[in-house]
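Undergrad: need a 3D model of the following:
(one chain, ligands or ions: 1)
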Amino acid sequence: MAKQEDVFKKVVSHAKEYGFIFPSSEIYDGLSAIYDYGQNGAELKNNIKQYWWKAMVQLNENIVGIDSAIFMHPTIWKASGHVDAFNDPLIDNKDSKKRFRADVLVEDYCAKIEDKENKEIEKAAKRFGDAFDKAEFVATNPRVLEYRAKREAILSRLAKSLEKEDLADVKALIEELEIADPDTGSKNWTEVRQFNLMFGTKLGASADSATDLYLRPETAQGIFVNYLNVQKTSRHKLPFGIAQIGKAFRNEIVARQFIFRMREFEQMEMQYFVPPGTELEFYENWKKTRLNWHLALGLGEENYRFHDHEKLAHYANAAADIEFNFPFGFKELEGIHSRTDFDLSAHEKFSGRKIQYFDPERNENYVPYVVETSVGLDRLFLAIFSHCLKDEVLEDGSERTVLSLPPALAPVKAAILPLVKKDGLPEFADKIFNDLKFDFNVIFEEKDSIGKRYRRQDAIGTPFCITVDHDSLNDNTVTLRYRDTMEQERVPVSELRRIIDEKVNFRTLLSKI
Ligand code: GAP
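TA: Below you'll find the model as predicted:
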């Protein structure tokens, strides 16, 4: 089995074993591509949300946050283009009866070519050692150039065919590349068809009077339809932004890779309303700002890259993804889109209401343009969780699993551990717990040996363990153990709040952006 698969299996099993993520409805054998967050997962997710909300809403004087409803008027999805164009190209394998996204089959094929390219580069790096010049090698090595040209030609043809809705050519491409069903090897494919990703539901008591609704496939439209309300009541001038965190639903056909692609997920989106003609400048700024926000988490600059879109969505005049190096390779984490005035103009047309801004400097009315940043909360959770999960071999040869989460995001900030369950140590520890609980999410644990308790805290990413022993009763000090270095030091109980706060507060993280 490939190493990547091992890593990914470990991520999934660790998430379950330590109360981060459970398959939904598990006692009924689960529901495909739907997951529940457990006690530690919910805390980590809430902390990620806070990091985003504080960076967007709290730190920007001209961005406000809202919380709009999941059910929305059905005409909104007509106006936004989702009824007509929110489709995936699907293909079925006639032998295995399995359904695939045709574009993903082609992209996976190209990812394999990219792997070969990277292997050539790695081999050369080993051969040339310190003298290796990667840029020079990539620009001149015939094999690498050949792989790259092939990959680019395939992706460009795919983008063109999808843009022209030429599904016959997508199928022809799959056949020409001899792409097989990854599980069975069969190349017996059906035609490619479009499939709308929105979930339908009904509003109303009786079958005849019920209105057909959709579960929102993105949170953005809740922002667009509230633009006038927010602009008027907040009295912000352009440019200003509206942010929102909320659930979105997509009937994903190829729902794979754990919480990477789900049918019910959460988005953190921000629409930045700007004067027409300035959008591309703001778009470039938001690309940089959002990348810096990710980099502040400390997961390594080399694990992020931009991917500029060749095929633009129906609403965009520029678009890029921030990709992250997941255990299964570089994939989209966040989208940054210059959406023009497409959405607001469409809502003007479909609702019959004027959605305009009077610009006192230009002395004119216009429909604002929009730059959007949109990141999947669950995908971000997966990026952070999978990157931070590490197996370490210690100096004495023993092993530990540690989740080296950024401290501000850790579900539990400190565990308070009486060395033994007697001699007044639990009572002393309890006092510390009852004091710290007002500032931090802390836990009290007295079961098992101290070593086992340390390991359990390492596995859920707790930055501090506080051990109470017999000396504590006499000198009011405790042993503070640091998760990452495993160093231990003796500190006065009165210092605990300050030491923990310095490490885990959001200010430390936010000031790096
Ligand atoms: N409003 C724009 C929009 O929704 P998108 O690229 O379709 O754009 C934005 O989605 C982000 O939402 C993606 O970058 C990804 O992180 C997340 N996302 C999209 N579909 C998802 C799914 N099925 N499961 C989990 N996250 C998803």
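
Undergrad: the helix or strand encompassing residue 118 packs against which elements?
TA: For residue 118, the host element (DSSP states H and E) is helix 102-128. Contacts defined by 3 or more CB pairs under 8 Å, 6 or more residues apart in numbering; DSSP states H and E place helix 102-128 against strand 87-92, helix 134-140, helix 142-163, helix 167-176. (C-beta placed from N, C-alpha, C; glycine too.)

Undergrad: got the residues of this protein near the ligand?
TA: Residues of the chain found near the ligand (CB under 6 Å from any ligand atom) are 218, 220, 250, 252, 261-262, 265, 267, 269, 332-335, 372, 374-376, 378-379.

Undergrad: again, only this time at 8 Å
TA: Within reach of the ligand by CB under 8 Å from any ligand atom, the chain has these residues: 33, 217-220, 248, 250, 252, 255, 259-263, 265-267, 269, 313, 321, 332-335, 337, 372, 374-380.

Undergrad: then the helix or strand harbouring residue 324 to PDB, C-alphas only?
TA: In the assignment (DSSP H and E), residue 324 maps to strand 318-326. The C-alpha coordinates for strand 318-326 follow below in PDB (Å, rounded to 0.1, in the frame of the first residue of the first chain):
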ATOM      1  CA  ALA A 318     -10.800  36.000 -12.200                       C
ATOM      2  CA  ALA A 319     -10.500  33.100  -9.800                       C
ATOM      3  CA  ALA A 320      -7.800  31.200  -8.000                       C
ATOM      4  CA  ASP A 321      -7.600  28.400  -5.400                       C
ATOM      5  CA  ILE A 322      -5.300  28.200  -2.500                       C
ATOM      6  CA  GLU A 323      -4.300  24.600  -2.600                       C
ATOM      7  CA  PHE A 324      -3.000  22.600   0.400                       C
ATOM      8  CA  ASN A 325      -0.700  19.600   0.400                       C
ATOM      9  CA  PHE A 326      -3.200  17.000   1.900                       C
END
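
Undergrad: can you name the next helix or strand after that strand?
TA: On the C-terminal side of strand 318-326, the nearest following helix or strand under DSSP H and E is strand 329-340.

Undergrad: list the contacts of residue 353.
TA: By CB atoms under 8 Å, 6 or more residues apart in numbering, the contact list for residue 353 reads 228, 347.

Undergrad: which pLDDT value belongs to it?
TA: On pLDDT, residue 353 comes in at 96.

Undergrad: A strand includes it, no?
TA: No: using DSSP: H, G, I helix; E, B strand; the rest coil, the assignment for residue 353 is coil, not a strand.

Undergrad: ramachandran angles for it?
TA: In terms of degrees, to the nearest 10, the main-chain angles of residue 353 are phi -100, psi 150.

Undergrad: how much space separates it from residue 179?
TA: As judged by CB to CB, to the nearest Å, residue 353 and residue 179 stand 48 Å apart.

Undergrad: next one: the residue of the stretch 1-150 of the chain found nearest the ligand from residue 105, what distance?
TA: Residue of the stretch 1-150 of the chain nearest the ligand, by CB to the nearest ligand atom: residue 33 (7.7 Å). Residue 33 sits 18 Å away from residue 105, going by CB to CB.

Undergrad: next one: residue 26
TA: With CB to CB as the criterion, residue 26 and residue 105 are 30 Å apart.

Undergrad: neighbour count: these two, which is higher?
TA: Legend: neighbour count by other CB atoms under 10 Å for residue 26 and residue 105, higher for residue 105 (24 against 12).

Undergrad: before we move on, back to that, hey, which of the helices and strands packed on helix 102-128 is tucked in deepest?
TA: Comparing the helices and strands packed on helix 102-128 by mean neighbour count (mean count of other CB atoms under 10 Å), strand 87-92 comes out on top with a mean of 20.

Undergrad: just checking: what are the partner strands of it?
TA: strand 99-101 (antiparallel), strand 193-196 (antiparallel) (DSSP bridges).

Undergrad: buried sites along the first one?
TA: Under the neighbour-count criterion of 16 or more other CB atoms under 10 Å, strand 99-101 has 100, 101 buried.

Undergrad: how about the residue in the chain that the ligand sits nearest to: which residues does it bridge to?
TA: When scored by CB to the nearest ligand atom, the chain has residue 376 as its residue closest to the ligand, at 2.5 Å. Taking DSSP bridges as the rule, residue 376 bridges to residue 267.

Undergrad: and the gap between it and residue 334?
TA: When distance is defined by CB to CB, residue 376 is 8 Å away from residue 334.

Undergrad: equivalent analysis for residue 495, please.
TA: In terms of CB to CB, residue 495 sits 39 Å off from residue 334.

Undergrad: and these two? Which one has more around it.
TA: Using other CB under 10 Å, the more surrounded residue of residue 495 and residue 334 is residue 334, with 25 against 12.

Undergrad: tell me the pLDDT of that one.
TA: 98.

Undergrad: and it, what does it touch?
TA: Counting by CB under 8 Å, 6+ apart, residue 334 makes contact with 290, 294, 321, 322, 373, 374, 375, 376, 380.

Undergrad: likewise for residue 291?
TA: Residues near residue 291 by CB under 8 Å, 6+ apart: 304, 306, 322.

Undergrad: what's the domain layout of the protein?
TA: With domains defined by automatic domain parsing, the chain comprises 39-72+216-386, 93-194, 398-510.

Undergrad: now do the shortest one, average pLDDT.
TA: Within the predicted structure, the mean pLDDT of domain 93-194 is 93.
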